[in-house]
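Trainee: Sequence first, then the predicted structure:
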Amino acid sequence: MATARDLGESSHATKQTGPPAQRNPGFHFEQYTYEEYKETADWLLSKTELRPSIAIICGSGIGGLASVLKDQVVFKYSDIPNFPQSTVPGHMGRLVFGKLNGKPCVCMQGRFHLYEGYPLSKVTFPIRVFRLIGVETIIITNAAGGLNEDFKVGDIMVIKDHINLLGFAGNNPLVGHNEDRFGSRFPCMSDAYNRDLCKLAHEVGRELGFSNIIREGVYCAVGGPSFETIAECRMLNRLGADAVGMSTVHEVIVARHCGMRIFALSLITNKAVMDYDSEERANHEEVLLAGTLPVLLSSPLHPNRIKNL
Ligand SMILES: O=P(O)(O)O[C@@H]1C[C@H](O)[C@@H](CO)O1
């Protein structure tokens, strides 16, 4: 659980900015200043000569992806100024700089979630830091429950769109003062997921002989940490969601706001339960186990493809 210190009492405290009218203690309005993002970016740039143009976020149990990076420079989140801490099993809490086929990348082994008690400004803090260190393309991965009847555990869903259920209730990471140096007040999201990168993923999947497990679909974000009820799964399925999870959309919104190219993948770690007779029970252990499936080793994140981004 995020501590009070994490949530604003540290020396790198999250500051509330913007007009007082925007400050509402009952709502997650805490915001960082531009200078705080910059402070973290400058700190990282001073510690490594690598200048990544690609960032990768590893979802639950998928942190092993970082091991393909060569010439690694690793930072524990606890050592990075202003960085939140990972509190969830399967999220190591390390920022790994390194090279994929000679191309500098930065990889988050562990992300932050709203259900950990973090405001969305903290959940998405690394995205703006990445922008300031020169990242142009972000690859976001997550573990998700399959709502689409055709999906199987181990399938990889290329995310073509999302439903931000939390956003419907005003819980959007861009709520509050808009920092114009990152992007505009009302960013468009209809092109959030880069279509060329989606196409490339399918090509790579075919080349590697994995067409049968590469899917495409809509990801729906819920708040968690409780898994969905049967009625909720049925509802999300009818709303047009193919997979459900507890992350990603906030990162996507902030990345798009600051002009990054986005490619996102869900690993289907479990099938959402939609039948009252089912014996299946969603659980985090099963989610983490799916991250070890051998098929991941040949995913569209294969190093040979990164150089084409
Ligand atoms: O960080 P991601 O979205 O990959 O993690 C999913 C959602 C929850 O954090 C957790 C549930 O098992 O996995």
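Mentor: That came through fine. Numbers count the residues shown, from 1 in each chain.

Trainee: so what's the residue in the stretch 1-150 of the chain that the ligand sits nearest to up against?
Mentor: Of all residues in the stretch 1-150 of the chain, Gly59 sits closest to the ligand, at 2.7 Å by CB to the nearest ligand atom. Placement of C-beta: from N, CA and C, glycine included. By CB atoms under 8 Å, 6 or more residues apart in numbering, the residues touching Gly59 are Arg111, Thr141, Asn142, Ala143, Gly245, Ser247, Thr248, Ser266, Leu267, Gly291.

Trainee: name the element the third one belongs to?
Mentor: Asn142 belongs to strand 137-146 when assigned by DSSP states H and E.

Trainee: So which residues on the stretch 201-309 of the chain come close to the ligand?
Mentor: Gly224, Gly245, Met246, Ser247, His284, Val287 (CB under 6 Å from any ligand atom).

Trainee: Out of these, which sit inside helices?
Mentor: When these are checked against helices (DSSP state H), the matches are His284, Val287.

Trainee: Mind picking the two most distant members of the residues of the stretch 201-309 of the chain next to the ligand?
Mentor: Ser247 and His284 (13.3 Å; CB to CB).

Trainee: More neighbours: which of these two?
Mentor: A count of neighbours by other CB atoms under 10 Å puts Ser247 above the other of Ser247 and His284, at 26 against 17.

Trainee: which one is the more buried one nearest to, not counting chain neighbours?
Mentor: Asn142 (5.2 Å; CB to CB, 6 or more residues apart in numbering).

Trainee: The one you found: what's it in contact with?
Mentor: Counting by CB under 8 Å, 6+ apart, the residues that Asn142 touches are Gly59, Ser60, Ile62, Tyr219, Gly245, Ser247, Thr248, Ala264, Leu265, Ser266, Leu267.

Trainee: which residues in the stretch 1-150 of the chain form strands?
Mentor: 54-58, 70-76, 94-100, 103-109, 137-146 (DSSP state E, counting those that start in this stretch).

Trainee: got the end-to-end distance for stretch 266-279?
Mentor: Criterion CA to CA, to the nearest Å; first-to-last residue distance in stretch 266-279 is 24 Å.

Trainee: Just the buried positions in that stretch, please.
Mentor: Ser266, Leu267, Ile268, Thr269, Asn270, Lys271, Ala272, Val273, Met274 (16 or more other CB atoms under 10 Å).

Trainee: Narrow those residues to those in strands?
Mentor: Ser266, Leu267, Ile268, Thr269, Asn270, Lys271 (DSSP state E).

Trainee: Beta-bridge partners for the first one, please?
Mentor: Read it as Ser266. Asn142, Met157 (DSSP bridges).

Trainee: That one against Gly245, yeah?
Mentor: Yes. The pair Ser266 and Gly245 passes the contact test of CB atoms under 8 Å, sitting 6.5 Å apart.

Trainee: what is in contact with the two at once?
Mentor: Gly59, Asn142, Ala143, Ala144, Tyr219.

Trainee: was I right about the third one contacting Thr269?
Mentor: Read that as Ala143. Yes. With contact defined as CB under 8 Å, Ala143 reaches Thr269; the gap is 4.3 Å.

Trainee: Now for those two: what residues contact both?
Mentor: Ser60, Gly61, Val287, Leu288, Ala290, Gly291.
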